[in-house]
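J.: need a 3D model of the following:
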Amino acid sequence: QVQLVESGGGLVQPGGSLRLSCAASGFILISYVMSWYRQAPGKERELVAVITTAGGSIYYPDSAKGRFTISRDNAKNTLYLQMNSLKPEDTAVYYCKARRIAASISYEYWGQGTQVNVSS
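T.: Have a look, this model is predicted:
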């Protein structure tokens, strides 16, 4: 059974840090481009970071650049997101996504999300 399970969310004060994890099972992570997204109440889901299969290419939108770091441990089938200098506007449910395209077929899996609250 294909599954992505996020963990590591919680309540943190502004300026603090959190490390999110996304554990994959039922498929081999190394074959997938991995991403983190987030969705705040009343807002659309937005991209936070993307990392290619071997980690050779990484992308962050301006909102995450310089504060967030995406990484992957393919041996452990796990994706990470290190978040530093957190701001109240980072409060959201954070999701990981796995995606690959093979023979013109797109395979995409999402986790159930982990809540991050940044508040004093």
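J.: what residue is smack in the middle of this structure?
T.: Closest to where the C-alpha atoms of the chain average out (C-alpha atoms, centre = their mean) is W36, at 2.5 Å.
J.: tell me what that residue is bridged to.
T.: Using DSSP bridges, the beta-bridge partners of W36 come out as A49, C96.
J.: that one against L20, yeah?
T.: Yes. The criterion here is C-beta atoms under 8 Å, and W36 meets it with L20 at 7.2 Å. In this view, the C-beta of every residue, glycine as well, is placed from N, C-alpha and C.
J.: quick check: neighbours shared by those two?
T.: Any residue near both W36 and L20 by C-beta atoms under 8 Å, 6 or more residues apart in numbering counts here, and that gives 81, 94, 96.
J.: next, format these as JSON lines and append pLDDT.
T.: JSON lines is the format used below for the shared contacts of W36 and L20 (pLDDT from 0 to 100):
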{"residue": "L81", "pLDDT": "98"}
{"residue": "Y94", "pLDDT": "98"}
{"residue": "C96", "pLDDT": "98"}
